[in-house]
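Student: would you be able to build a 3D model of this:
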Amino acid sequence: MTAALAARGPNGSGVDVFDGAVLGHRRLSIFDLSEAGRQPMTTPDRSTSIVFNGAIYNFRQLRAELQEAGCRFFSQTDTEVILHGYREWGIDRLVARLRGMFAFGLWDDVRRKLFLVRDRPGVKPLIFSETNGGIAFASTARALHQAGLASDIDPQAIGEFLEWGYITDSRTVYRNVFKLPAATILEWQHGVSSTREYWTPPLADSKGPSFDEAVEETERVFLNAVRMRLDADVPVGALLSGGVDSSLVCWAVSKLGADITAFTIGTPGDALDESADARRTAAALKIRHQVIDLAPEEMPGAEELVSAYGEPFACASGLGMLRVSRAVRESATVLLTGDGGDDVFLGYPEHKHFFAAQKLARILPNAAAPIWRTLRGAFPKRGIFRRAAHFADYATGGLGAVTRAHPGIDTYRDWGMLGERLAEIRIPNREIPLSSASARDLLSEFLVYDRKGRFVAEYLTKIDGSTMRYALEARSPFLDQELWSFAASLPFSVRLHNGRLKAVLRELAGRRISLDVAAGRKRGFGVPVERWLVTRWKRDFEDAFHGSELARQGWVRDDAVLAEFRRAAAGGRASRQLWYLQVLETWLRHEQSAPAKHDLVDRTDLLRVV
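Tutor: Okay, the predicted model is just below:
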């Protein structure tokens, strides 16, 4: 299992054995680079041991409290603070005090009890499996697979992947292997486990601070979040795209007087190249800046996605983040990013659409929904009419209409591509009832749904998988729990002030950086996989689906896949559904080429491993 995680932790490895429990760890050294920081970290009396992934940003404050209580420290790490904090405060009071991103397993050898804990937003992954009275856990499903503890593929998970291009946090690609949900504590003792959620973000308040007050408080909390994330015993860098969120991170770095380099990825000659905007921002902020130019041929493909992520994952911007991470790792070990700003401050176009639909729903008569559903079939399905129809769906059907609005597994079914193992798969999210009551509270319902779905399973997975593939620790101030709680409580009318997406952050950027940055469009690491699939990767796709592993195992029908691919190639652009199949085929071949290692150890013993 530790060998499977070597890329995530290249600075050291360790295993500690107890009577009935084994802990293993791969280390990425961030605090206290000496041997004193190695893991598993165990108390001198061997009563408590921990394996920990992440960063506790307030660990120095907690350490001071624990020292005053008489705790003796042997390292300068945040890991040791968790150990002493557990013994001094207990697991619940400890977790309530932790400010950071974390996934850890803590073994209490006296009580014979294991605690698995995951951070509030779900930045750090934690995968577990319970079998024959034992429990095993790791940072990736692949590590469990390598140990022979995960083998049977879950058809429902494959259905989810074909629906969205990722597998949700409610399952993994393997049967009987699960992701610990965000903000959750799992307790396991004597073969029995239980879980509890320890935090939920507040819902939007109907009343709240004024817009100006919200901007001022956001600035205060945000600066503190950035300050905390600058603490490391290794070089720290920052991503700078030229957009609002990353520019604000770099502004805060500059204001705090930190001496770090900002990195921008340039794509010379490409219409999406953002290096010129980033250069202007860096010059205005007077921070060191490095542009890393990439040629299209340097961009990784499906093989690297599969290598980086423990299960099928087809987020195209993950390819860009992988290339960024590989380039930045030469100069930094910690990287500040702007992730999360759009999600809590409402920066995606659908946020504004759903808020408008919600307001319309509250004035529509009850008869509007059935009337619209009667007329819906005759409404034009192209261009502006298609968008108007979707808006009417949202205003009358609520969240149920939102979950039906994108192409998913039914597209494969319509194309006749699904094999017998997927023939009966249905996606429960598509069966959420249409509801006028839901429509009247659509944005609130969507934010809860999205946080537990796309946000953690796609966005956070993308960042953790791509950066950790190159032993790079990504830290985002916008995922700070204090900032998130404050922003989530702001009224929608404040976050979308005057109809502007992410209005609070744009106002802050306008005041502190420039009006050009404040007005800038959303930036990202877009990769045109739909176009490349039928051009530069065309031969690879055709070779893969002339006798694919997916078809051999009964997941898809090759003839239907190739027929649709030929139609797409003739038009010069593939659908996202074909890209998902390319990733899934590559993943399946990769996993079969790396057989499980359970032949190295007695399998019965492995099933008793913690």
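
Student: what ranges does the stretch 51-200 of the chain have for its strands?
Tutor: Secondary structure of the stretch 51-200 of the chain (DSSP state E, counting those that start in this stretch): strands located at 100-108, 113-118, 127-131, 134-138, 178-179, 184-189, 192-197.

Student: how far off centre is the first one?
Tutor: In this case it means strand 100-108. In this view, strand 100-108 has its centroid 18 Å away from the chain centroid, taken as Cα atoms, centre = their mean, to the nearest Å.

Student: shaky segments in the chain?
Tutor: For the chain, the stretches with pLDDT under 70 are 269-272, 296, 522-526, 594-610.

Student: domain ranges for it, per the record?
Tutor: Residue ranges of the domains in the chain are recorded as 3-201+600-606, 211-296+310-345+449-518, 350-441, 529-593, according to automatic domain parsing.

Student: nearest to residue 303, out of those?
Tutor: Nearest to residue 303, of all the domains of the chain, is domain 529-593, at 6.0 Å by Cβ to Cβ. Just so you know, the C-beta spots here come from the backbone N, C-alpha and C atoms, and that holds for glycine as well.

Student: quick revisit: including mean neighbour count and distance to residue 253, could the strands of the stretch 51-200 of the chain go into TSV?
Tutor: TSV is the format used below for the strands of the stretch 51-200 of the chain (neighbours: other Cβ atoms under 10 Å; distance: least, Cβ to Cβ, whole Å):
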stretch	mean neighbour count	distance to residue 253
strand 100-108	23	19
strand 113-118	22	28
strand 127-131	20	33
strand 134-138	24	34
strand 178-179	22	33
strand 184-189	19	32
strand 192-197	11	33
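
Student: closest one to residue 363 among those?
Tutor: Checking the strands of the stretch 51-200 of the chain against residue 363 by Cβ to Cβ gives strand 192-197 as the closest, at 35.4 Å.

Student: show me what counts as buried in the helix or strand following the closest one.
Tutor: Following strand 192-197 in sequence order, the next helix or strand is helix 211-229 (DSSP states H and E). Of all the residues in helix 211-229, those buried under the rule 16 or more other Cβ atoms under 10 Å are 211, 214-215, 217-219, 221-229.

Student: and residue 369, what element?
Tutor: Going by DSSP H and E, residue 369 is in helix 368-375.

Student: does anything pack onto that helix? Which helices or strands?
Tutor: Judged by 3 or more Cβ pairs under 8 Å, 6 or more residues apart in numbering; DSSP states H and E, the packing partners of helix 368-375 are helix 383-397, helix 436-439.

Student: repeat that for 10 Å
Tutor: When contacts are defined as 3 or more Cβ pairs under 10 Å, 6 or more residues apart in numbering; DSSP states H and E, helix 368-375 sits against helix 349-361, helix 383-397, helix 436-439.

Student: check the offset of the last one from the chain's centre.
Tutor: If you compare the mean C-alpha spot of helix 436-439 with that of the full chain, they lie 29 Å apart, counting by Cα atoms, centre = their mean.

Student: wait, isn't residue 265 in contact with residue 317?
Tutor: No - counting by Cβ atoms under 10 Å, residue 317 is not a contact partner of residue 265; they are 11.5 Å apart.

Student: would you turn the domains of the chain into CSV with distance to residue 303?
Tutor: Below are the domains of the chain laid out as CSV (distance: least, Cβ to Cβ, whole Å):
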stretch, distance to residue 303
domain 3-201+600-606, 14
domain 211-296+310-345+449-518, 11
domain 350-441, 23
domain 529-593, 6
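
Student: which one of those lies nearest to residue 304?
Tutor: domain 211-296+310-345+449-518 (5.6 Å).

Student: so what's the gap between that closest one and the chain middle?
Tutor: 14 Å.

Student: quick check: end-to-end length of that domain?
Tutor: Start-to-end span of domain 211-296+310-345+449-518 (Cα to Cα, to the nearest Å) is 16 Å.

Student: check stretch 414-432 too.
Tutor: In stretch 414-432, first residue to last residue: 21 Å (Cα to Cα).

Student: buried ones in it, by neighbour count?
Tutor: Quick answer for stretch 414-432 (16+ other Cβ under 10 Å): 415, 417-419, 421-422, 425, 427, 429, 432.

Student: fine by me, thanks again.
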